[in-house]
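**Student:** from the sequence below, what's the structure:
(chains A, B, C and D, ligands or ions: 6)
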Amino acid sequence: MKKIINNPSNVMEDMVKGMTLANEEQWIQVEGTNVICRKELSANKVGLVSGGGSGHEPAHAGYVGKGMLDAAVVGEVFTSPTPDQILEAIKSVDQGNGVLLIVKNYTGDVLNFEMAGELAESEGIRVEQVIVNDDIAVKDSDFTIGRRGIAGTVFVHKIAGAKAEQGASLEEVKAAAEKAIEQVRSMGMALTPCTVPDAGKPSFHLAEDEMEIGIGIHGEVGTERKKITSAKDIAVELTNNILEDLSLSAGDEVAVMVNGMGATPEMELYIVNGHVNELLKEKQIDIHQTYVGEFMTSLEMAGFSITLLKVDAELKQLLAYPSEAIAFRA
Amino acid sequence: MKKIINNPSNVMEDMVKGMTLANEEQWIQVEGTNVICRKELSANKVGLVSGGGSGHEPAHAGYVGKGMLDAAVVGEVFTSPTPDQILEAIKSVDQGNGVLLIVKNYTGDVLNFEMAGELAESEGIRVEQVIVNDDIAVKDSDFTIGRRGIAGTVFVHKIAGAKAEQGASLEEVKAAAEKAIEQVRSMGMALTPCTVPDAGKPSFHLAEDEMEIGIGIHGEVGTERKKITSAKDIAVELTNNILEDLSLSAGDEVAVMVNGMGATPEMELYIVNGHVNELLKEKQIDIHQTYVGEFMTSLEMAGFSITLLKVDAELKQLLAYPSEAIAFRA
Amino acid sequence: MLTVQLVQEWMKKTNERMQENKAYLTELDQAIGDSDHGINMSRGFREVVNKLEQSAYDDVSTVLKDVAMTLMSKVGGASGPLYGTAFLKLSTALKGKDIVNKEDLAAGLEAAANGIQHRGKSTTGEKTMVDVWVPVVLWWKGQDEINAEGLEKVAKEAMESTKSMEATKGRASYLQAKSVGHIDPGSTSSYYIFKSLAEVLV
Amino acid sequence: MLTVQLVQEWMKKTNERMQENKAYLTELDQAIGDSDHGINMSRGFREVVNKLEQSAYDDVSTVLKDVAMTLMSKVGGASGPLYGTAFLKLSTALKGKDIVNKEDLAAGLEAAANGIQHRGKSTTGEKTMVDVWVPVVLWWKGQDEINAEGLEKVAKEAMESTKSMEATKGRASYLQAKSVGHIDPGSTSSYYIFKSLAEVLV
Ligand SMILES: Nc1ncnc2c1ncn2[C@@H]1O[C@H](COP(=O)(O)OP(=O)(O)O)[C@@H](O)[C@H]1O
Ligand SMILES: Nc1ncnc2c1ncn2[C@@H]1O[C@H](COP(=O)(O)OP(=O)(O)O)[C@@H](O)[C@H]1O
Ligand SMILES: [Mg+2]
Ligand SMILES: [Mg+2]
Ligand SMILES: [Mg+2]
Ligand SMILES: [Mg+2]
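**Tutor:** Ligands and ions are numbered 1, 2, ... in the order given. Down below sits the predicted model:
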């Protein structure tokens, strides 16, 4: 394991500290917690809280800022934060108009946020929760825990954030978030695994000519192991899967996100984007906006995910609404 | 070599295409070239052109946008672009007020930009050139080719870009760029080498417990090979070297950049930032602003560089001036 | 019979096992999860022991409540709320008992096992810690007296039974059929909890 | 004696060598540079041959000018402008010559070597291609007639002499003393150019 860290057991605390110090104009670290919160909340707004395990940077703290999240709760690496921490975040951002929790669909995240919500309600705070489940690599059925939440979560942050900033009610913000969740799908792949610092060993092994298709953002193996093919073939495979799952067809309009998993050079992400763009144009799907970069990572995993958000007039307006979050400016 | 590419000989062209498609609102690819240029230039402005080999993304195209560069010339991986391409960029952005070329100090870049400047002048365009040489790992003496240009170049783009956007003359923009160059210093380190796609093999080999101090941004070995120490020790070593070289002392004010080399998780960059911040505070050096992320990379190299820019009222105002470049919003 | 002191012993032994097996639990979680279960357990039970050392307790229920709250606020992930809930239910079931006998413990462990299933919306056969807690409770209820040796054996077999299961809950479920052939990490940490309990029971 | 056809031959042979040794040149550049010299040379001379095949030429100077312009616009890096300049100076020196004899070539190669040094602000002993061009020109000027075999030998020795030098120009100079012990990549591509020239000279 090669990492630029101090004690592997303290990476999360060390990071939260260095992160808050990098953005003292915009952020504070809520005392005694690992919650990163806007320094000044927009008055009378519905509160927006997200979070999850660390190791996905810039998610979620990078999305804390005017026009997006009000607070992000940072858990240990790949480990959902605990209810008491989430509760502190909720209390820090509630202004009496209620708080929406944006949660990625993992058992740990769902349980901890749920419990925090219950605690907050017992203190008289109105709390609603939405669960993001954009990863189509996982089959959604009554017999499973459903699809995972991955990079599409960032679009949900943006949509809900804009809606809240515009003064919408908790119900309206929740509805906007749910609409985004309905219309966003992602799929990822990896060339290399990643190493949880305190585990010290990579999460799986791949040969020089192998890749994993359908990986999540926690160093899990994917759904299929294959020989590496060309950027074009991989981009086309993932995009086609998404198009099918979202039932997109000619005339539909989408926002595109090509997300690096942590160690992928931007050069490769842009090459992938060229092929995604080409395929969408071929299928006569309009590209409203394209985002290429690192939005939801998995430590130093090499690989990428593609996300498509089907947009309509409302979502386009919310996507374009100003955001001051350092990891997603609009 | 594990990469998400098509033909290794075509990565640059594939990338430029995917890049331009990702930002069609802001950019065009100048026909028949690998020049990425602002779609609409601000009227009557001094033109600003930079560029260099590819593999450093988001540099330089990510800095093309209102308030920063007008055009970036993209060369083959780690290979300076050719004079004819640079000339096209100069011609695309000149509005009669002259063009400033911002060049990183490498023999190849200097020669090609110099020749392009001569060609442009023979066509009646006023051209000036500044050479960025912020890398203190390389000794600057009369017997060497001088320090290299690395991440500090981004600050020079920002300063010159703001000055030009404010309507300054070619001489004034050049003076602002030179002031930034005078006051910016960087130093980097790596945990892993990188692989030029068409070379197919990593540029050097490091053992599991080794790192290179003083690396450049082209997969070169550094000035010193060492056992990996803690994030804190490394951050302190690099920062102290810079402080000394820049002769910074209590009361001085700086902008800080912690730049990832391509494969470093943001988590690690933030941990490093915590220590840089701590050390500067200890030395009573004021931190005006902090930038953490990937600004000037070296393909999939793992590692980071630290850059300090000593700021005064003018530089602070120019740093804060609005920029719409996707990789450096202000 | 369980007393405040024995609960403290129980937690100490559990913690020792979690520390010793931190790497092993993490390895199990690397195979079918996200490589953090050993880290989570080692952090959680270390904090439990720290907490218990700093306080004085009059009854079993209170000490178990502190165990629950510490796990809840220090573990995170899926296992944190689940173990937190288990110990909270156990604590509640034993409220007011000065001496905890076999029957009390049966009722308490049953409440805990139900708590896990309720929180996790899970049942047996899904390749989770439930596959240890439920068989242990069933067996315990069927015993006439405290049988420490038997407890360890039953828990161990239950843990091992998860190897051949296909996961339908937790992260391992993403792997579908590929989850078969690996022991569930949470079942293993649950086994350590019961093994440690067996060692302190008198 | 050099003719249009021989220049075309020269470039074809040079190109073949650059393609064959693409990996080797890149390896040399990995040791003390940035891993692209073989890539740059293979791209550049392939384009030169393409260009020459597409056109018809009346005199040596014009074909050499196309060589120069192609290298200038297809290579990039340090070697692109340097080789571009070299062939441009050679072309200029041979302007108007129908037949190029030994003396003409001496003057042309000298102009080329000076052009490289002027462009690169470099001189001999700095571990660059200059350390091949300058000794070759000096030796050539001292010969009474065309000596193809000798040319190859002198160029090769000059190339090898860079191994023990410490670089003070080009990327290798960043390595200071660590640059010693490696042959300079640009000197090696220059050796290929002269070796190919030796093969076509009559
Ligand atoms: N729905 C559930 N019900 C019961 N136990 C579960 C459930 N989901 C997960 N588990 C248990 O939690 C363990 C994983 O814990 P841990 O690795 O600490 O959390 P995470 O899965 O969030 O990383 C699994 O091995 C399994 O035993
Ligand atoms: N100032 C200079 N003068 C003469 N030759 C030089 C100079 N700088 C570099 N070179 C030559 O160029 C070669 C490197 O070429 P190349 O790798 O293609 O370009 P770059 O160094 O830009 O990557 C060196 O091996 C050396 O021979
Ligand atoms: Mg986890
Ligand atoms: Mg180069
Ligand atoms: Mg886990
Ligand atoms: Mg080179």
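
**Student:** how close does whatever residue of the stretch 201-330 of chain A ends up closest to ligand 6 sit to residue A:298?
**Tutor:** Ligand 6 sits closest to residue A:267 of the stretch 201-330 of chain A, with a gap of 17.9 Å, by CB to the ion. From N, CA and C alone the C-beta is placed, and that goes for glycine too. Distance, residue A:267 to residue A:298, by CB to CB, to the nearest Å: 19 Å.

**Student:** now do residue A:15
**Tutor:** Taken as CB to CB, the span from residue A:15 to residue A:298 is 15 Å.

**Student:** could you list the domains of chain A?
**Tutor:** Domain ranges of chain A: A:10-182, A:184-320, per automatic domain parsing.

**Student:** now those domains as CSV including mean pLDDT?
**Tutor:** Below are these laid out as CSV (pLDDT from 0 to 100):
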stretch, mean pLDDT
domain A:10-182, 96
domain A:184-320, 97
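
**Student:** what's the closest non-adjacent residue to the closest residue to ligand 1 within the stretch 151-300 of chain A?
**Tutor:** In the stretch 151-300 of chain A, the residue found nearest to ligand 1 is residue A:218; the distance is 7.5 Å by CB to the nearest ligand atom. Take residue A:218 and drop its neighbours on the chain: the residue closest to it by CB to CB, 6 or more residues apart in numbering or on different chains is residue C:34, 3.7 Å away.

**Student:** tell me, how many residues neighbour that neighbour?
**Tutor:** By other CB atoms under 10 Å in any protein chain shown, 29 other residues sit near residue C:34.

**Student:** show me the helices in the chain, by range?
**Tutor:** Just going to use chain A. Ranges of helices in chain A, per DSSP state H, are A:11-22, A:83-93, A:107-122, A:152-165, A:170-182, A:231-245, A:266-282, A:313-320.

**Student:** wait, chain C was what I had in mind.
**Tutor:** Using DSSP H, helices in chain C cover C:4-20, C:22-32, C:37-54, C:60-74, C:79-93, C:102-120, C:130-142, C:148-161, C:185-200.

**Student:** quick one: which of the ones you listed is nearest residue D:197?
**Tutor:** Evaluated with CB to CB, the helices of chain C place helix C:22-32 nearest to residue D:197, the distance being 60.3 Å.

**Student:** between that closest one and helix C:79-93, how many degrees?
**Tutor:** Put simply, helix C:22-32 runs at 120 degrees to helix C:79-93, going by axes from the mean of the first three to the mean of the last three CA atoms, to 10 degrees.

**Student:** for helix C:22-32, which positions count as buried?
**Tutor:** Buried residues in helix C:22-32, defined by neighbour count with 16 or more other CB atoms under 10 Å in any protein chain shown: C:22, C:25-32.

**Student:** returning to that earlier point: now the residue of the stretch 151-300 of chain A closest to ligand 1: phi and psi?
**Tutor:** Backbone geometry at residue A:218, expressed as degrees, to the nearest 10, gives phi -130, psi 30.

**Student:** that one against residue A:52, yeah?
**Tutor:** No. If you go by CB atoms under 8 Å, residue A:218 and residue A:52 don't touch, sitting 9.9 Å apart.

**Student:** of all the domains of chain A, which one is nearest residue C:151?
**Tutor:** Judged by CB to CB, the one of the domains of chain A that comes nearest to residue C:151 is domain A:10-182, at 27.5 Å.

**Student:** residue in the stretch 201-330 of chain A with the shortest distance to chain B?
**Tutor:** Using CB to the nearest CB, the closest approach of the stretch 201-330 of chain A to chain B is made by residue A:274 at 3.0 Å.

**Student:** which residue sits closest to that residue, ignoring its sequence neighbours?
**Tutor:** Leaving aside its chain neighbours, residue A:274 sits nearest to residue B:18 (3.0 Å; criterion: CB to CB, 6+ apart).

**Student:** surely that neighbour touches residue A:268?
**Tutor:** No. Residue B:18 lies out of contact with residue A:268 (CB under 8 Å); the separation is 9.4 Å.

**Student:** show me what contacts residue 107?
**Tutor:** Using chain A here. Neighbouring residues of residue A:107 by CB atoms under 8 Å, 6 or more residues apart in numbering or on different chains: A:145, C:78, C:120, C:169-171.

**Student:** not quite, I wanted chain C
**Tutor:** residue C:93.

**Student:** pLDDT at it, what is it?
**Tutor:** Per-residue confidence at residue C:107 stands at 96 (pLDDT).

**Student:** likewise for residue C:189?
**Tutor:** At residue C:189, the pLDDT value in this model is 98.

**Student:** spatially nearest residue to it (excluding sequence neighbours)?
**Tutor:** residue C:41 (4.9 Å).

**Student:** give me the most central residue, chain C.
**Tutor:** Most central in chain C under CA atoms, centre = their mean is residue C:190, positioned 3.7 Å from the mean C-alpha point.

**Student:** please look at residue C:81 and residue A:109 and confirm they touch.
**Tutor:** No. Using CB under 8 Å, residue C:81 is not in contact with residue A:109, being 10.3 Å away.

**Student:** and stretch A:180-191, how far from the chain's centre?
**Tutor:** In this view, stretch A:180-191 has its centroid 10 Å away from the chain centroid, taken as CA atoms, centre = their mean, to the nearest Å.

**Student:** cool, stretch A:153-166 as well?
**Tutor:** Using CA atoms, centre = their mean, the offset of stretch A:153-166 from its chain centre is 12 Å.

**Student:** ok, now stretch C:147-160?
**Tutor:** Worked out by CA atoms, centre = their mean, stretch C:147-160 lies 13 Å from the chain centre.

**Student:** can you tell me if that stretch touches ligand 1.
**Tutor:** No. Figure legend: stretch C:147-160 not in contact with ligand 1 (CB under 6 Å from any ligand atom); closest approach 10.1 Å.

**Student:** in that stretch, what's buried?
**Tutor:** C:147, C:151-152, C:154-156, C:158-159.
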